[in-house]
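> A predicted structure for the sequence below; I have some questions about it.
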Amino acid sequence: VVLVGDDIPNSGRLFCVQPDYQIIGRTIAELLARQIPAEGGVLVSAGDIMVPSHYLTLQGFDAFLLENGCKNPVYKVHESGDQQMTYDYLLRELTGREGLCACWSVNARNSVLLGRALVESGRAGHIAAVGSDLFLENVQYLKDGVFTNLLYKNPYAQAYTAAKHLSEYLIKGERPPQDVIYINSEIIFRSSLPMYDNGLFRQLR
């Protein structure tokens, strides 16, 4: 068994291919800290507290702010198990929270909810906003200025790398040099979006 995206180290898996979630969190923290006032609030659609890809990304985000002396208050909305309820919490924060200057989502599903809440609250285009992953709804939000950036975790490269090393193991008995293989993630701007059109994002870089 090879895992992709989230690791379970003691499961007996051969290896795992995934992004470095701590680095992702740090990258988003640095990106937003450079765009907003020194004490501007940040809303995080924080996902599931039990999912490693979610809580590790948050750990990286918090660590960057702490290590760099950033005083930005951070307001986290975790998944409640009900998408409508999660959306309502996000909308409430966006409409009622004073001093909010930025927002972002740790995962793709909640990016859609965050984008919708930004539009309904009237704050789309007025605060820095980072969505997670590259798909039709997020691309449109980026084109429309709802999101200022997207964080692309390169799932094609993850799957390709996992299949490649698994094939080498089955055919040659060769394991990869480490049991966790990290795939690079990328920040997408509206101006760089044409690089990802027509399936070009499915290239290994």
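Right, received. Where do you want to start?
> just checking, V42 is part of a strand?
Yes - assessed with DSSP: H, G, I helix; E, B strand; the rest coil, V42 lies in a strand.
> is it in a bridge, and if so with what?
V74, A102 (DSSP bridges).
> Local confidence estimate at the most far-flung residue of the chain relative to its centre?
Distance from the centre of the chain peaks at K172, with 35.2 Å (CA atoms, centre = their mean). Note on K172: pLDDT of 90.
> Next: R205.
51.
> all strands for the chain, in order.
Ranges of strands in the chain, per DSSP state E, are 2-4, 15-19, 41-47, 74-78, 100-105, 128-132, 149-152, 180-183, 186-188.
> For I181, see how far away the residue farthest from the centre of the chain is.
17 Å (CB to CB, to the nearest Å). Using the backbone N, CA and C atoms, a C-beta is placed for each residue, glycine as well.
> quick revisit: reformat the strands of the chain as JSON lines; add mean pLDDT.
Listed next are the strands of the chain as JSON lines, based on pLDDT from 0 to 100:
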{"stretch": "strand 2-4", "mean pLDDT": "90"}
{"stretch": "strand 15-19", "mean pLDDT": "92"}
{"stretch": "strand 41-47", "mean pLDDT": "96"}
{"stretch": "strand 74-78", "mean pLDDT": "95"}
{"stretch": "strand 100-105", "mean pLDDT": "96"}
{"stretch": "strand 128-132", "mean pLDDT": "96"}
{"stretch": "strand 149-152", "mean pLDDT": "95"}
{"stretch": "strand 180-183", "mean pLDDT": "92"}
{"stretch": "strand 186-188", "mean pLDDT": "93"}
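> As a markdown table, those with distance to L94 and mean neighbour count would be great.
Converted to a markdown table, the strands of the chain look like this (distance: least, CB to CB, whole Å; neighbours: other CB atoms under 10 Å):
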| stretch | distance to L94 | mean neighbour count |
| --- | --- | --- |
| strand 2-4 | 33 | 16 |
| strand 15-19 | 27 | 22 |
| strand 41-47 | 7 | 24 |
| strand 74-78 | 10 | 18 |
| strand 100-105 | 7 | 25 |
| strand 128-132 | 10 | 26 |
| strand 149-152 | 18 | 24 |
| strand 180-183 | 32 | 17 |
| strand 186-188 | 22 | 17 |
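> Would you mind giving those as JSON lines with distance to Y55 added?
Listed next are these as JSON lines, based on distance: least, CB to CB, whole Å:
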{"stretch": "strand 2-4", "distance to Y55": "17"}
{"stretch": "strand 15-19", "distance to Y55": "14"}
{"stretch": "strand 41-47", "distance to Y55": "8"}
{"stretch": "strand 74-78", "distance to Y55": "10"}
{"stretch": "strand 100-105", "distance to Y55": "14"}
{"stretch": "strand 128-132", "distance to Y55": "14"}
{"stretch": "strand 149-152", "distance to Y55": "16"}
{"stretch": "strand 180-183", "distance to Y55": "17"}
{"stretch": "strand 186-188", "distance to Y55": "21"}
